[in-house]
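1. How does the following fold in three dimensions:
(2 chains, ligands or ions: 1)
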Amino acid sequence: MSGYGGWAGKVLRVDLSTGRSWTEDTIEQYKAYLGGTGIGYKVMWDEVPAGTKPYDPENRIIFAVGPLAGTGAPCNGRTAITTLWPTCWPIPLVASGHMGGQFAAKLKYAGYDAIVIQGKAARPVWLMIVDQKVEIHDARRIWGQGIRGATAAISEIMGPDAVVAAIGQAGENLVPMSVVMNAVSHSAGGIGSVMGSKNLKAIGVRGTGSIRIAGKKEDWEKLIKYHLSLLGGNNQHVVPNSPQPWAEFYDPTTRWNASRGKRWGAAGHLVDTGTCAPRETNRIAYRSNMAAFFLGDNAWKHTVRGSGCTSCPIRCHTMLKVPAVAAKYGIPAVGQNTCVGFLFGRSFFKEFTDGPKGMTALEACMVGMHLADDLGVWCNYGQLQRDFIKLYYSGVIEKKLGTREFKSYSWSKYEKGDPTFLFELLPRIAMKEGELGTVLGLGTGYMLERWGLSETEWGKDKDLAYWKMGHPKHHASEEAGQCGLLINLMYNRDSQCHSHTNFLRNGLPLPLQKKLAAEIWEAPEAVDGLGDYKPMHRSKARMAKWSLLRKELHDSLSLCNWMGPWVASPIRERGYRGDDSIESMLYKLATGDNKDREELDKVGERILLLHRALTIRGMGTKEMRLHHDKIPEWVFTDKSDKPPFTKGATHLDRNDVQVALDMFYEELGWDKATGAPTHGTYRKFGMDSVSAALSKRNLEPPA
Amino acid sequence: MKAPAIMERAGKEDRTGLRDAVAARVSAVIRERSAAAELISEAEILSLLNDEHLMFLDADGTGEDITVILARLVQESEDLQKLSGAGSPCHYSSYYMTEAYAQILLRKREGPLQLIAETVRQNACAYQRPVPLDIFTLPPFNLAYDKVLEYLALMAQTTGYDDIVMTSTSASGIYLYSTSHLETEHALMLAEWLDVGQAVNP
Ligand code: SF4
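-> Presented below is the predicted three-dimensional model:
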């Protein structure tokens, strides 16, 4: 291998059909695409032809991490998993899921930047990786077990230092809405059934190596301290959610919810978060309690501690202890998760007898977590639950199920918000049991198709939050105007991009946000006040492009896009500026590859470009603007009858959106008419062969 | 405000030392209070100095004015600050507390109605947002939920608070906004988004 630091140097290849494994040199093959999604897209482009289906043995599943994984860089624990996406409708296209936990670091310590899996094992297997030793083991004894049981069984064999990424029954049964999970609660949705289709139950990794940092130790330590000093609370919210003595601002909606008197009530000894001033960088882990943020103040008294990914001080997976659920539901009293993982069970219900943040809601969260994280069911960012509520209360479920099946569910329990209803529903999804269990496991697009429901109609209902291609919005126009809209158009699943929303929700007052925006995206017009949207401005297209490039960079470096970028900070003396170059500074020192911010952003752009090329090839059309970058109708409607761009209205204007698309494509060097990248753009990024392959199939716009 | 002759008349030679001691004590007490997230008023400082027998008279029988002492400290120190409100002026140290936080504490001294109204107005004006009623149950407000509802009912019958409006969201969250700084439709949309919409897009 070359003299670069950061990378482990090898990509592990495993063919489950033949049982053969071998390695490739990361730098030789993949350096231009860094790691993570970059490696994933490259493998998919080179090896998986258009027309391949997710469950074909020829499909690849790529677990890839980046040069910062396993180093001391903050928030570096993300593994990108790329494959053909089984819930992408109407045809499966390339996409990636992202899991945190310990997998990324362990993989690096074992000596690999990625694992590429192809083929299909003749019987259930699990993959054991201990440094150079790679073995395929019989998994028949653990097939049929949940994620917890499988993880425990493999951990017993591999020891406590191993990390296990496993699928549950949902993945085994080829339920498209399924996850792979490591380290108790860190999951990547959509992947489980692709592993299941390869008869791959789990991957266990133990690594005894380390990562070499190319730069000087003192410089690296200084940089890590500097990066830590810029960190906010979860999602890089830089303002606390209630007035704090050290803070100039507060915003009740931020995730920085520490305060003197807030206590981890189930910690076993008294843990008061304190005020958590920004300079106290050894107390960052107390800043955010995600259980309290998502489930309400009641969660404080059940909080054991924060948990999270390697080298991340944020610890956004809060561990809860709710003793009552053990006796009442027969589930473990302790559980941990974050965000939609917490809300999994609760979100199925419209109401609870003791209110939305009462004890029953919390119990529903515990039951949902326990079931979903063991069976390995995916929620598609809450779309599963929103679909379910809509289908039930509009009478569709009753109409579509036979009487016998309909009556086999306790609907009165459901309507009352009784968490035991989840024991009836979730296992049936994982086991594909009955029509309802089967249809809910398909993902929204295929579910609508199977039941003869209209996707267009689904896209009219703002409360459903459905976006396109079987997936929901993910911080779209309603909170981020045209920028949010543009970002949400790009992917073949929900966009999972937080670069823009982390900035917009950071808690700083609008004039300050605008000041920072002018420095980053060249004009204050890049950001609008919430519900006070203004017509399109080029800086919004720049912000959208920047957001996407940073997302791809994070996903390829293994940094957490739920935390980054770090362009705002909690530091008053810096005028709340963060540092737009933090990614390139880390990359440069870790690897020794002397790329500055602009150069590294170009790599991010190359990765995004390859994703676009894969989508074009997969869809067999260059008419992306028409057929891919589609906008649901709710974007243009609002409950008020006010026109767009009036205060309080969150809908956008149709003509303005077309202007937004024009500007966005221009910023990216893509053809305005088709939304497809031009030959010149591919060429600029050294992707002539990609251009040639597309051009041969008439998938490139005319010069 | 003159100091009472608590101490024996100080001789010329003692004066400088005593003055320094008083200044040091006053600075320390302001910082201590700020570190505990509290303001201290001029009247409270004076009373404390008297209790500790630290105020003195010059040989000519005149004492140093506490206001003058504090003004000098504010001018000469890096961190000590003065805030004027309805009652006795208050002091804090910027080492431990921002002006924004100190202003909330000052409003708190002016009574719950004023505290709630000014907080709502400031949120509407500076941040263009309604505030959840819950915020007043947290430090440094520390009001009981039911009490806030009582104060709001009282405000509705009291002149000077006509702009403070209460609204509830579809999830029954109660939000407050000021019509002087936020248009009603915008405020309603924001309250619904903050309470309900965000949760759909976590
Ligand atoms: S913020 Fe959460 S998901 Fe991101 S790296 Fe930290 S612990 Fe992991």
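
2. For the stretch 401-550 of chain A, which segments count as strands?
-> Secondary structure of the stretch 401-550 of chain A (DSSP state E, counting those that start in this stretch): strands at A:466-468, A:471-472.

3. Let's have those strands in a markdown table, adding distance to residue A:359.
-> All C-beta spots, glycine's among them, are computed from the backbone N, C-alpha and C. Shown next, in a markdown table, are the strands of the stretch 401-550 of chain A (distance: least, C-beta to C-beta, whole Å):
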| stretch | distance to residue A:359 |
| --- | --- |
| strand A:466-468 | 31 |
| strand A:471-472 | 29 |
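
4. Tell me which residues are up against stretch B:125-133.
-> Contact with stretch B:125-133 is made by A:249, A:251-252, A:509-510, A:529-530, A:532, B:119-120, B:123-124, B:145, B:148-149, B:166-167, B:173-178, B:180-182, B:186-187, B:190-191, B:194-195, as judged by C-beta atoms under 8 Å, 6 or more residues apart in numbering or on different chains.

5. In strands, which of these appear?
-> B:166-167, B:174-178 (DSSP state E).

6. Below-threshold pLDDT in the chain: ranges please.
-> I'll assume chain A. Counting by pLDDT under 70, chain A shows low-confidence ranges at A:1-2.

7. Hmm, no, I was thinking of chain B.
-> In chain B (pLDDT under 70), the answer is B:1-14, B:56-63.

8. Domain boundaries for chain B, per the record?
-> By the record's domain assignment, chain B is partitioned as B:5-104, B:111-200 (automatic domain parsing).

9. tell me the most buried of these?
-> Counting by mean count of other C-beta atoms under 10 Å in any protein chain shown, domain B:111-200 has the highest mean neighbour count of the domains of chain B, with a mean of 18.

10. and whatever residue of chain A ends up closest to the ligand, what is it in contact with?
-> Closest residue of chain A to the ligand, C-beta to the nearest ligand atom: residue A:308 (2.6 Å). By C-beta under 8 Å, 6+ apart, the contact list for residue A:308 reads A:77, A:100, A:314-317.

11. residues near the closest residue to it other than its chain neighbours, how many?
-> Nearest non-adjacent residue to residue A:308, counting by C-beta to C-beta, 6 or more residues apart in numbering or on different chains: residue A:315, 4.0 Å away. When neighbours are counted by other C-beta atoms under 10 Å in any protein chain shown, residue A:315 registers 22.

12. same thing with the one 10 residues further on?
-> The number of residues packed near residue A:325 is 24, by other C-beta under 10 Å.

13. In a helix, it, correct?
-> Yes - counting by DSSP: H, G, I helix; E, B strand; the rest coil, residue A:325 is part of a helix.

14. Following element in sequence after the longest helix along chain B, please.
-> Longest helix in chain B by number of residues, with DSSP state H as the criterion: helix B:12-35. Downstream of helix B:12-35, the next assigned helix or strand under DSSP states H and E is strand B:40-41.

15. wait, does that following strand make contact with chain A?
-> No - judged by C-beta under 8 Å from any C-beta of the partner chain, strand B:40-41 and chain A are separated, with a smallest distance of 14.0 Å.

16. list the helices and strands that strand packs on?
-> Here strand B:40-41 touches helix B:12-35, strand B:90-93, going by 3 or more C-beta pairs under 8 Å, 6 or more residues apart in numbering or on different chains; DSSP states H and E.

17. run the last query once more with 10 Å
-> Secondary structure elements in contact with strand B:40-41, counted by 3 or more C-beta pairs under 10 Å, 6 or more residues apart in numbering or on different chains; DSSP states H and E, are helix B:12-35, strand B:90-93, helix B:99-109.

18. just so I know, which of the ones you listed lies nearest the ligand?
-> Closest among the helices and strands packed on strand B:40-41, using C-beta to the nearest ligand atom: helix B:99-109, at 27.3 Å.

19. returning to that earlier point: can you classify the residue nearest to residue A:308 as helix, strand or coil?
-> Taking three-state DSSP as the rule, one finds residue A:315 in the coil state.

20. State which one residue of the stretch 301-450 of chain A is found closest to chain B.
-> residue A:339 (5.0 Å; C-beta to the nearest C-beta).

21. these two touch, right, that residue and residue A:496?
-> No - applying C-beta atoms under 10 Å as the test, residue A:339 and residue A:496 come out as separate, 11.5 Å apart.
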